[in-house]
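**Student:** Sequence and predicted model, in that order:
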Amino acid sequence: MRALLPLLSVCRGWRVGAAARPPRRVMSLYRTEERGHPHSEDYRLFFKNVAGHYISPFHDIPLKVDSPKNLFNMVVEIPRWTNAKMEIATEEPLNPIKQDVKSGKLRFVPNLFPYKGYIWNYGAFPQTWEDPCQKDKNTDFYGDNDPVDICEIGSKVFSRGDVIQVKILGALALIDQGVTDWKIITINVNDPDAEKFHDIGDVKKFKPGYLEATVNWLRLYKIPDGKPENKFAFNGEFKNKAFALEVVNNAHECWKAMLMKKCDSGTVNCTNVCVSDSPFRCTPEEARSLVESVPTLSMSKEGNIEEERWYFLD
């Protein structure tokens with residue numbers, strides 16, 4: 001068993017004895033590598049672990065931090081105030097971050113006055129999956145086939161691809177085109193005010209207006225594209241920390257069933273490097289070959305008018 005410890009520490013994203021170190025050390029355990037250029041369809045952001053091996057941010061980064069404080073890892077897809085709709089590419093090998101494309105065009109969320117781009121650091125919990133074949137017992141709608149989404153409300157603006165530790169505070173159930181799309185409210189554990197936040201009521205107390213703005217933003221952000229307002233379960237009511245923890249843990253169980261081939265993964269690519277006993281596991285050498293097979297095309301950067309245009313809604 002002793003001989004396996006170095007390998008386990010590399011795959012799980014921690015070093016032996018790391019539990020005694022400050023949480024911020026975890027950020028250094030993952031690196032990112034860009035291929036292509038932002039604002040192009042060929043752009044991909046791949047992840048590496050501390051050993052320099054390519055990994056999947058969806059499958060190979062642990063959901064829970066090795067800590068007694070009930071902390072979770074968050075993969076930052078979209079920094080606050082930015083507009084490009086970046087996401088973990090669930091259907092591609094090793095699931096790099098890419099920009100979403102709809103109707104042949106790169107997606108940018110609009111600036112809805114008075115909001116500039118996304119109003120939180122936005123991302124996903126690794127090792128979670130909202131099963132599209134399973135009805136959510138709370139909403140009675142099926143899952144959206146993605147990792148669980150996160151709205152991080154701390155003061156720092158993070159970078160795309162950062163892996164940070166967060167505290168879960170609450171949950172909001174968006175119903176997006178007839179499927180459940182949970183938004184989990186969190187705060188970076190290293191935020192200067194993190195010790196004030198323990199549950200969703202603390203957000204109302206210490207960041208007045210933020211939850212109302214969150215509902216309003218999510219309700220309206222598709223209107224400039226000619227789509228109707230989004231709907232919510234529970235009339236847009238935020239659920240507390242205990243409820244949110246149950247949502248995340250249930251999504252983790254769905255992910256485990258998928259990675260062990262106990263349910264239909266559909267279009268999701270389950271290739272991973274570190275999930276023991278998963279039939280989809282590959283070697284680090286195979287992972288490198290997968291990345292190197294991805295073409296690197298246009299490197300030219302073009303500005304996008306959608307990041308500058310403002311929308312004023314009645």
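**Tutor:** Here it is on my side, so go on.
**Student:** Wait, residue 33 touches residue 49, no?
**Tutor:** No - Residue 33 lies out of contact with residue 49 (Cβ atoms under 8 Å); the separation is 11.9 Å. C-betas here are computed from N, CA, C, even on glycine.
**Student:** where does this structure dip in pLDDT?
**Tutor:** By pLDDT under 70, the weakly predicted segments of the chain are 1-28, 297-305.
**Student:** Name the helix or strand for residue 275, please.
**Tutor:** Per DSSP states H and E, residue 275 falls between elements, in no helix or strand.
**Student:** From residue 167, how far off is it?
**Tutor:** 25 Å (Cβ to Cβ, to the nearest Å).
**Student:** Tell me which of residue 33 and residue 49 has more neighbours.
**Tutor:** residue 49 (22 against 13; other Cβ atoms under 10 Å).
**Student:** ok, and the closest non-adjacent residue to the more buried one?
**Tutor:** Among residues not flanking residue 49 along the chain, residue 55 sits closest, at 5.1 Å (Cβ to Cβ, 6 or more residues apart in numbering).
**Student:** Name whatever forms a beta bridge with that neighbour.
**Tutor:** Under DSSP bridges, the beta-bridge partners of residue 55 are residue 47.
**Student:** what's near enough to touch residue 238?
**Tutor:** Shown in contact with residue 238 (Cβ atoms under 8 Å, 6 or more residues apart in numbering): 170, 171, 172, 185, 200, 211.
**Student:** Now render those as TSV, adding distance to residue 88, secondary structure and neighbour count.
**Tutor:** Putting the contacts of residue 238 into TSV (distance: Cβ to Cβ, whole Å; DSSP: H, G, I helix; E, B strand; the rest coil; neighbours: other Cβ atoms under 10 Å) gives the following:
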residue	distance to residue 88	secondary structure	neighbour count
170	23	strand	26
171	20	strand	27
172	20	strand	24
185	20	strand	27
200	25	helix	22
211	25	helix	20
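**Student:** all strands for the stretch 201-314 of the chain, in order.
**Tutor:** Along the stretch 201-314 of the chain, the stretches classed as strands by DSSP state E, counting those that start in this stretch are 231-232, 310-311.
**Student:** Quick check: the residue nearest the centre of the chain vs residue 152, distance?
**Tutor:** Geometric centre of the chain, nearest residue: residue 124, 1.4 Å, by Cα atoms, centre = their mean. Using Cβ to Cβ, residue 124 is found at 11 Å from residue 152.
**Student:** tell me, what's touching those two both at once?
**Tutor:** Shared contacts of residue 124 and residue 152, defined by Cβ under 8 Å, 6+ apart, comprise residue 74.
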